[in-house]
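> Need a 3D model of the sequence below.
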Amino acid sequence: MRQILLAGCVLLLVSCARQTKEQAPRAKAFGAALVEVGGSKQIASIGTVLDQPVVVQVNDAKGAAAAGALVQVHVDRNGEADPPSGLTGPDGQFTTMVRLGGTAGPYKVVASTRDQSGKAIELRLDEVALGFEETHGQQLADLYCGRCHNSESSAERVSNHDNLTHNAHAFSEGAVLNALSEADLTSVIAHGGPALNRSPEMPPFGYTLKKPDVAAMIAYIRAVADPPFRPKGAAYGKN
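Numbers count the residues shown, from 1 in each chain. This is a model prediction of the structure:
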């Protein structure tokens, strides 16, 4: 009986693999370059789908869109792309939705195609997944800080960024904010800009936010930093 069940499982696996292979799209054209149309540098909570699709375009050697080229997408850290592969349309573009994995931190989305010789062409896009603390920090930042630190207006919030005398840095500006220590960030959030000899246009939030809230905001700032935040004394390998 066990042998019969085992044989049945093997046949089922073979059948599924055969169906997957048969259903996989076959390239009708090949390109020489793979470029991003949109979808990189998005931020979302762990395990969720990014708000915007990832869109890439395959071009031929003359820079024209290559229709019918096969594009495959891989998301690291157990993330997923839906669909994970497909042929480019008449505009040379392929679109997929990306779901981040269950671990907070940076994610790499790797799109790939092949040229006429079979050589792989890859394009890497960066995304960020927020854990519980970072997500809480994002919510607080949107509520209390977005009007000045976000230069883009929306239907729900009109930006005050352009009305300020001094530049209110976006929380993703790692080139500036990475240089500030956790103590510096805590101080400026709690006591306002003058705490670091900066603009008094930055108000204090020490009576509005609790210590865990401030810590969550700092965790969010560190998570979305571009370039990424690198704590001093930590060793990093090359990607």
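> pLDDT at residue 13, what is it?
Confidence at residue 13, expressed as pLDDT, is 50.
> Nearest residue to residue 76 in space, ignoring adjacent ones along the chain?
Once flanking residues are discounted, residue 76 sits nearest to residue 108: 4.8 Å by CB to CB, 6 or more residues apart in numbering. All C-beta atoms are positioned from the backbone trio N, CA, C, and that covers glycine.
> right, and the secondary structure at the one you found would be what?
strand (DSSP: H, G, I helix; E, B strand; the rest coil).
> Quick test: name the residue nearest the centre of the protein.
Using CA atoms, centre = their mean, the residue of the chain that lies closest to the mean C-alpha position is residue 127, 1.4 Å off.
> For the residue nearest to residue 76, give me its contacts.
Applying CB atoms under 8 Å, 6 or more residues apart in numbering to residue 108 gives the contacts 75, 76, 124, 125, 126, 127, 239.
> What's the local residue count around the fourth one?
Around residue 125 there are 20 other residues, counting by other CB atoms under 10 Å.
> Assign it to helix, strand or coil.
strand.
> Kindly state the beta-bridge partners for it.
Taking DSSP bridges as the rule, residue 125 bridges to residue 109.
> That one: what's it in contact with?
Residue 125 neighbours (CB under 8 Å, 6+ apart): 36, 39, 40, 41, 54, 108, 109, 110, 111.
> Now do the same contact list for the closest residue in space to the fourth one that isn't next to it in sequence.
Taking CB to CB, 6+ apart, and ignoring the residues beside it in sequence, residue 41 has residue 126 as its nearest neighbour in space, at 5.9 Å. In this structure, residue 126 makes contact with 40, 41, 106, 107, 108, 109, judged by CB under 8 Å, 6+ apart.
> Next: residue 100.
By CB under 8 Å, 6+ apart, the residues touching residue 100 are 44-50, 75, 77, 79, 107, 127, 129.
> any idea of the pLDDT on residue 1?
Per-residue pLDDT puts residue 1 at 49.
> Using PDB, list the CA coordinates for stretch 73-82.
Extracted in PDB, the C-alpha atoms of stretch 73-82 (Å, rounded to 0.1, in the frame of the first residue of the first chain):
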ATOM      1  CA  VAL A  73      11.400  38.400 -11.100                       C
ATOM      2  CA  HIS A  74      12.900  37.100  -7.900                       C
ATOM      3  CA  VAL A  75      12.300  38.700  -4.400                       C
ATOM      4  CA  ASP A  76      14.800  37.800  -1.700                       C
ATOM      5  CA  ARG A  77      14.000  36.900   1.900                       C
ATOM      6  CA  ASN A  78      11.000  34.900   1.000                       C
ATOM      7  CA  GLY A  79       9.200  37.700  -0.800                       C
ATOM      8  CA  GLU A  80       7.000  37.000  -3.800                       C
ATOM      9  CA  ALA A  81       6.300  38.500  -7.200                       C
ATOM     10  CA  ASP A  82       2.900  38.000  -8.800                       C
END
